[in-house]
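> Build the 3D model from these lines:
(one chain, ligands or ions: 1)
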Amino acid sequence: MTQTIVIAEMNNNAVHPSTAELVSAAKTFGGEPTLVVPCTDANQASGAAGMGAGNIIAAKSGAFAHYDASGWASALDGVIPMGTIITGASPQSKDMAARLAARRNIPVVQDAVKIQEGKITSPVYSGKAMQTVSATGPVVISVRSNVFTPAEGGAMDHSVLAADGNVATAVQEFMARASERLDVSEANIVISGGRGMGSPDNFTHLEAIADTIGAAVGASRAAVDTWDAIPHSMQVGQTGKTVNPNLYIAVGISGAIQHLAGMRSSKYIVAINKDADAPIFQHADYGIVATWEEALPVLHESLKGMMD
Ligand SMILES: Cc1cc2nc3c(=O)[nH]c(=O)nc-3n(C[C@H](O)[C@H](O)[C@H](O)COP(=O)(O)OP(=O)(O)OC[C@H]3O[C@@H](n4cnc5c(N)ncnc54)[C@H](O)[C@@H]3O)c2cc1C
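Down below sits the predicted model:
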């Protein structure tokens with residue numbers, strides 16, 4: 001049995017809760033995974049306590065102050081033991097996963113949505129097909145969020161290792177995220193609007209529902225490209241973010257293949273579209289053929305009732 005190592009998903013120098021899901025994924029290989037926390041201050045690793053790992057290593061390096069794919073990969077490569085490595089599937093983590101695999105000359109499987117008995121399943125061809133591979137030795141696997149139930153318990157303390165990163169690029173400016181709202185890639189529920197919303201101002205209707213049910217607000221590329229007020233950070237799809245929430249509500253979105261690529265693995269998909277022939281309905285678990293003007297107030301009221 002190869003050792004499994006989880007690299008903590010970091011957000012603003014804090015361990016992101018989805019890390020506990022990665023530990024669950026690692027446990028499918030058997031044994032007690034080692035959880036490595038890339039940090040600038042070892043205290044940041046205390047956020048990994050009780051996430052189910054057998055032991056926790058705070059990998060401390062100035063290289064982890066800002067994300068730099070090659071710097072992070074070189075710093076982590078120096079401290080991570082040999083074995084199968086599990087990372088998150090955020091764009092940064094996937095970038096790092098590929099670099100780590102290349103440094104170690106081992107395979108990489110991106111966007112895993114299932115790991116069972118050593119077999120790893122992930123979408124290919126923009127989600128049109130699924131592939132299942134088995135690894136005969138160490139492999140780097142990025143795992144989508146909301147797939148595994150978060151692990152609990154395990155190590156509470158961490159040891160500290162100094163990591164030496166070869167940072168190739170320097171961050172000149174760090175721009176805060178465009179909005180204080182929950183990011184689509186972090187949310188359990190996403191409600192997205194497309195060009196059918198008619199105007200960026202109408203996204204306030206989506207925001208109101210999002211606030212009621214604790215969802216993030218996303219958008220199609222047509223919405224993002226058409227309206228400056230809808231930032232690219234909200235875009236879901238092939239050239240936007242990949243989301244894997246329990247519930248994805250698509251409002252005024254046609255369901256083009258490039259949009260589906262970013263959300264079709266969502267557990268439940270609800271579509272609201274005035275066109276009964278819109279392709280999104282072929283992928284929706286529940287479809288409402290209506291304008292959003294008709295459907296959203298009713299939906300909002302009933303969701304409010306459920307949340308009370
Ligand atoms: C290389 C490439 C990459 C791409 N990447 C992405 C990507 O990452 N993400 C992405 O989303 N797209 C992407 N696209 C664009 C994609 O092909 C579609 O053009 C886009 O997804 C369409 O967005 P939409 O469904 O919001 O708009 P439209 O296609 O204009 O559809 C609007 C929908 O709203 C419905 N509607 C209209 N009014 C109402 C109303 N009042 N109430 C309810 N429904 C209404 C209409 O019936 C229609 O189905 C990419 C394209 C290319 C070529």
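> show me what contacts residue 4?
26-27, 29, 31, 33-34, 83-86 (CB atoms under 8 Å, 6 or more residues apart in numbering). Using the backbone N, CA and C atoms, a C-beta is placed for each residue, glycine as well.
> and it, bridged to which residues?
In this entry, residue 4 is beta-bridged to residue 84, by DSSP bridges.
> and the gap between it and the ligand?
32 Å (CB to the nearest ligand atom, to the nearest Å).
> how near is that residue to residue 232?
In this view, residue 4 and residue 232 are 35 Å apart by CB to CB, to the nearest Å.
> Which parts of the chain belong to which domain?
Using automatic domain parsing, the domain ranges for the chain come out as 4-162, 184-307.
> Tell me who's in contact with the closest residue to residue 162 other than its chain neighbours.
Of all residues not flanking residue 162 in the chain, residue 60 sits nearest, at 5.7 Å (CB to CB, 6 or more residues apart in numbering). Taking CB under 8 Å, 6+ apart, we find residue 60 in contact with 39-42, 160-163.
> low pLDDT regions in the stretch 1-150 of the chain?
Where the stretch 1-150 of the chain drops to pLDDT under 70, the residues are 1.
> Please report phi then psi for the closest residue to the ligand within the stretch 201-308 of the chain.
Relative to the ligand, the nearest point of the stretch 201-308 of the chain is residue 237 (2.1 Å; CB to the nearest ligand atom). Main-chain torsions, residue 237, degrees, to the nearest 10: phi 140, psi -170.
> my guess is it contacts residue 222, does it?
No. Applying CB atoms under 8 Å as the test, residue 237 and residue 222 come out as separate, 9.9 Å apart.
> Beta-bridge partners for the residue nearest to residue 162, please?
residue 39, residue 162.
> need the contact list for the spatially closest residue to the residue of the stretch 201-308 of the chain closest to the ligand that is not a sequence neighbour.
On the basis of CB to CB, 6+ apart, the spatially nearest residue to residue 237 that is not a chain neighbour turns out to be residue 262, at 3.9 Å. Contacts for residue 262 (CB under 8 Å, 6+ apart) come out as 236-238, 240-243.
> farthest-separated two in those?
The distance between the two most remote of these (CB to CB) is 12.3 Å, for 238 and 243.
> Pick out whichever of these two has more residues nearby.
Shown here are residue 238 and residue 243; by other CB atoms under 10 Å, residue 243 has more neighbours (25 against 16).
> I'd say the more buried one and residue 191 touch.
No. Contact criterion CB under 8 Å: residue 243 and residue 191 do not qualify, at 11.1 Å.
> list the residues that contact both of these two?
Joint contacts of residue 243 and residue 191 (CB under 8 Å, 6+ apart) are residue 218.
> In the stretch 201-308 of the chain, what residue spans correspond to helices?
Along the stretch 201-308 of the chain, counting by DSSP state H, counting those that start in this stretch, helices occupy 203-213, 221-226, 257-263, 292-307.
> Would you convert those into TSV that also reports distance to the ligand?
Output for the helices of the stretch 201-308 of the chain, formatted as TSV (distance: least, CB to the nearest ligand atom, whole Å):
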stretch	distance to the ligand
helix 203-213	11
helix 221-226	3
helix 257-263	3
helix 292-307	4
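> ok, and what's touching stretch 22-33?
Counting by CB under 8 Å, 6+ apart, 1-9, 35, 51-55, 84, 86-88, 112, 115-118, 141, 143, 147-151, 154 sit against stretch 22-33.
> Verify the contact between residue 217 and residue 205 for me.
No. Using CB under 8 Å, residue 217 is not in contact with residue 205; the gap is 10.1 Å.
> Quick one: name the residues of the stretch 101-250 of the chain near the ligand.
194-196, 220-223, 235-240 (CB under 6 Å from any ligand atom).
> one more time with 8 Å
Within the stretch 101-250 of the chain, the positions lying close to the ligand (CB under 8 Å from any ligand atom) are 193-198, 219-224, 235-240.
> What remains of these if I keep only buried residues?
193-197, 219-224, 235-238, 240 (16 or more other CB atoms under 10 Å).
> Of these, which is the nearest to residue 104?
So of these, ranked by how close each gets to residue 104 (CB to CB), first place is residue 238, at 28.7 Å.
> Ramachandran angles for that closest one?
Dihedral angles (degrees, to the nearest 10) for residue 238: phi -60, psi -40.
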